[in-house]
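>>> I need the structure of the sequence given here:
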Amino acid sequence: MSEHDDLDTKVREILSVKRATDSYKDELSKLVEARLDQFGNLVFVRKGAPTDFGLLRPTDRVHVLDIYDSGRERKRKRFLEWKNDPKYKGPLILAEGDSWFEYPFAKDLLDNAGLEYAVLSLARAGDTWNDIIDEDSEPEKKYSDGTPMGLMHTLKLPDPRPFQYVMLSVGGNDLISQIRYCVYPFDPKRPEDDYIIHGGLGGFDFVLDQVITHYQDTIKAILGMGMSVILHNYDYPNPKANGQYIGYPLEHFCKFPAGSEALMRRTVNHMINFFHDRLAKVAVAAGPKVHLIDLRKTIGTDDYLNGPDDNLWKDEMHGNNAGFKRLWARMDTELKKIF
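Numbers count the residues shown, from 1 in each chain. Predicted structure coming up:
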């Protein structure tokens, strides 16, 4: 057995044998990490593999596609248990999105949500808006566990107990995959609050405009079916030197110098604020059935110089078990007001 086959076999064994337990994400995180490829797509690699995608060996790559939505089966089982429980009087929720809803290496927001709400997850790690829209192009297609594929298709399925809420967690991958094109090259003369490229084709505003347009179109369609929408922003990230999502592209492509984590934090925090402000305007314009939950400064911080508590983070963009638990507590406080 080759080194590559051995890694894939171990990943498959974890997913097939331990996926029903609470420990499988910890087991995966001992073997596997995430990277962005040269096109900004999320891929999984051997733990400790080079951050530079060009330096990865074929044996470093993980080719087990189930890892992208490894928690779906378990989340679906919990959803059906809640839905079929006559004592459950809470809402039925459909969730679509990215790794904040479906993260292979820690108990994500929906892992926590499923402990008290009936939530059917369509989320997949690494998904962008284009991925989510493409999933609706094959309305009869289903995921391996029987979950329908496609947000709008799922909402249109006849059901005596329809969904009342749709939770969306999208846009982070759209932006982070293009971060090298959204930030000016380092220049010691440039003001530190002026590193985001706002103009031109392909800059930050261009990418954010596309994200917001997809939100507007999707929200309009969901409201037209009589359901409410729950949105959230992202917390301030935790960029690191040579980090796989933020640190490496800013250092390698934008030439940020060593030791510039404070400037990285300052830059991406501004991005999060712009994203929040645009999303807030969408929610207000759409009316009272659209709710935006602000997660900033939950495990992240606006303290550019010192950064957040590393004990709450798994990597630059995701909390660990404790971090996601804290994010969920913040989110659930707001959900209880909505419900």
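
>>> Can you show me the helices along the stretch 51-200 of the chain?
Under the criterion DSSP state H, counting those that start in this stretch, helices of the stretch 51-200 of the chain are mapped to 72-83, 109-113, 129-135, 151-156, 172-176, 179-182.

>>> Test my guess that Phe47 contacts Lys30.
Phe isn't right for residue 47; it's Lys. Yes: contact criterion C-beta atoms under 8 Å: Lys47 and Lys30 qualify, at 6.7 Å. C-beta coordinates here come from the backbone N, C-alpha and C atoms, glycine included.

>>> circling back to that earlier point, can you say which of the helices of the stretch 51-200 of the chain is packed in most?
helix 109-113 (a mean of 25; mean count of other C-beta atoms under 10 Å).

>>> what residues does that helix touch?
Counting by C-beta atoms under 8 Å, 6 or more residues apart in numbering, the neighbours of helix 109-113 from elsewhere in the structure are 71, 75, 93, 95, 100-102, 119, 121, 123, 169, 324-325, 327-328, 331-332.

>>> Tell me how far it lies from the chain's centre.
The chain centroid and the centroid of helix 109-113 are separated by 13 Å under C-alpha atoms, centre = their mean, to the nearest Å.

>>> do stretch 274-291 as well
19 Å.

>>> mean confidence for that stretch?
For stretch 274-291, the per-residue pLDDT values average out at 98.

>>> Need the residues that contact that stretch.
171, 175, 196, 204, 208, 211-212, 215-216, 219-220, 223, 227-231, 233-234, 292, 294, 296, 334, 338.

>>> and that stretch, which residues are buried?
Across stretch 274-291, burial judged by 16 or more other C-beta atoms under 10 Å covers 274-276, 278-279, 282-283, 286, 289-291.

>>> which one of those is nearest Glu81?
His291 (25.7 Å; C-beta to C-beta).

>>> I'd assumed the closest one was in a strand, is it?
Yes: counting by DSSP: H, G, I helix; E, B strand; the rest coil, His291 falls inside a strand.

>>> thinking again about what came up before, got the helices of the stretch 51-200 of the chain as JSON lines, with distance to Gln38 and mean pLDDT columns?
Converted to JSON lines, the helices of the stretch 51-200 of the chain look like this (distance: least, C-beta to C-beta, whole Å; pLDDT from 0 to 100):
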{"stretch": "helix 72-83", "distance to Gln38": "28", "mean pLDDT": "95"}
{"stretch": "helix 109-113", "distance to Gln38": "29", "mean pLDDT": "98"}
{"stretch": "helix 129-135", "distance to Gln38": "17", "mean pLDDT": "95"}
{"stretch": "helix 151-156", "distance to Gln38": "28", "mean pLDDT": "94"}
{"stretch": "helix 172-176", "distance to Gln38": "14", "mean pLDDT": "97"}
{"stretch": "helix 179-182", "distance to Gln38": "10", "mean pLDDT": "96"}
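
>>> would you turn the ones you listed into a markdown table with distance to Asp310?
Shown next, in a markdown table, are these (distance: least, C-beta to C-beta, whole Å):
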| stretch | distance to Asp310 |
| --- | --- |
| helix 72-83 | 28 |
| helix 109-113 | 20 |
| helix 129-135 | 30 |
| helix 151-156 | 35 |
| helix 172-176 | 19 |
| helix 179-182 | 21 |
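
>>> how about those, which one is nearest Ser144?
helix 72-83 (7.7 Å).

>>> other SSEs contacting the closest one?
The contact analysis (3 or more C-beta pairs under 8 Å, 6 or more residues apart in numbering; DSSP states H and E) places helix 72-83 against strand 118-121.

>>> Mind doing that once more with 10 Å?
Under the contact criterion of 3 or more C-beta pairs under 10 Å, 6 or more residues apart in numbering; DSSP states H and E, helix 72-83 touches strand 92-97, helix 109-113, strand 118-121.

>>> How much space separates Pro185 from Phe256?
Going from Pro185 to Phe256 by C-beta to C-beta, to the nearest Å gives 9 Å.

>>> between the two, which one's more packed in?
Applying other C-beta atoms under 10 Å to Pro185 and Phe256 shows that Phe256 carries more neighbours, namely 23 against 12.

>>> The more buried one: what's it in contact with?
Shown in contact with Phe256 (C-beta atoms under 10 Å, 6 or more residues apart in numbering): 183, 185-186, 195, 239, 241, 246-247, 249-250, 263-264, 267.

>>> quick one: which of these is nearest to Pro148?
Within these, proximity to Pro148 (C-beta to C-beta) peaks at Ile246, which comes in at 33.9 Å.
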